[in-house]
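Visitor: Provided below for reference: sequence and predicted model.
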Amino acid sequence: MKCSPHQAEAVAVCAYCGRALCADCAKPSATQRMVCSDNCAAALARNDQALELILQKSLQSARASAFYSYLCGGLSAAGAVGAYFYLPVPFLVWFTAGCGGVFIASGIWYGRIAKKQIGG
Ligand SMILES: [Zn+2]
Ligand SMILES: [Zn+2]
């Protein structure tokens, strides 16, 4: 593979547009990836920012999901205890307790996702 402006052997490809780059045209971008031009460097930086934003949003939603799962789990567990004392129907007690367990398990699951995303 050769770069088109210099007809020299390519050492890398542009991280944004995929053009072949020789040692002369390769420019390191802010993220240490090789790009062919400032335009591609800027576009790459924009992409990274967009990705960062998506990651942060999914992190927030994972946190919110964890919170609501724990909340629903707690309410279901309280419902199970209440049912046990005031309305001792085995099905009702097991059902609400089961729901609580499922919600708490998914709360733990979402909490793990949120933690993983912090670590990168
Ligand atoms: Zn490029
Ligand atoms: Zn070149």
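Guide: Everything's here; your move. Numbers count the residues shown, from 1 in each chain. Ligands and ions are numbered 1, 2, ... in the order given.

Visitor: going forward, measure contacts and count neighbours with C-alpha atoms only.
Guide: Will do.

Visitor: Can you list the helices and strands that the lowest-mean-pLDDT helix or strand in the chain packs against?
Guide: Taking mean pLDDT, DSSP states H and E as the measure, the chain has strand 27-28 as its least confident helix or strand, at a mean of 74. In this structure, strand 27-28 packs against strand 34-35, with contacts taken as 3 or more C-alpha pairs under 8 Å, 6 or more residues apart in numbering; DSSP states H and E.

Visitor: tell me how far the strand it packs on is from the chain's mean position?
Guide: 25 Å (C-alpha atoms, centre = their mean, to the nearest Å).

Visitor: which outside residues touch that strand?
Guide: Residues outside strand 34-35 that contact it (C-alpha atoms under 8 Å, 6 or more residues apart in numbering): 12-16, 21, 26-29, 41.

Visitor: Sheet-wise, list the partners of the least confident helix or strand of the chain with their directions.
Guide: strand 34-35 (antiparallel) (DSSP bridges).

Visitor: Quick check: next helix or strand after the partner strand?
Guide: On the C-terminal side of strand 34-35, the nearest following helix or strand under DSSP states H and E is helix 38-86.

Visitor: Tell me the helix or strand right after that next one.
Guide: Immediately after helix 38-86, counting by DSSP H and E, sits helix 90-119.

Visitor: List the buried residues for that following helix?
Guide: 93, 96-108, 110-111, 113-114 (16 or more other C-alpha atoms under 10 Å).

Visitor: try stretch 15-27
Guide: 15-16, 19-22, 25-27.

Visitor: That stretch: end-to-end distance?
Guide: Stretch 15-27 has an end-to-end distance of 10 Å (C-alpha to C-alpha, to the nearest Å).
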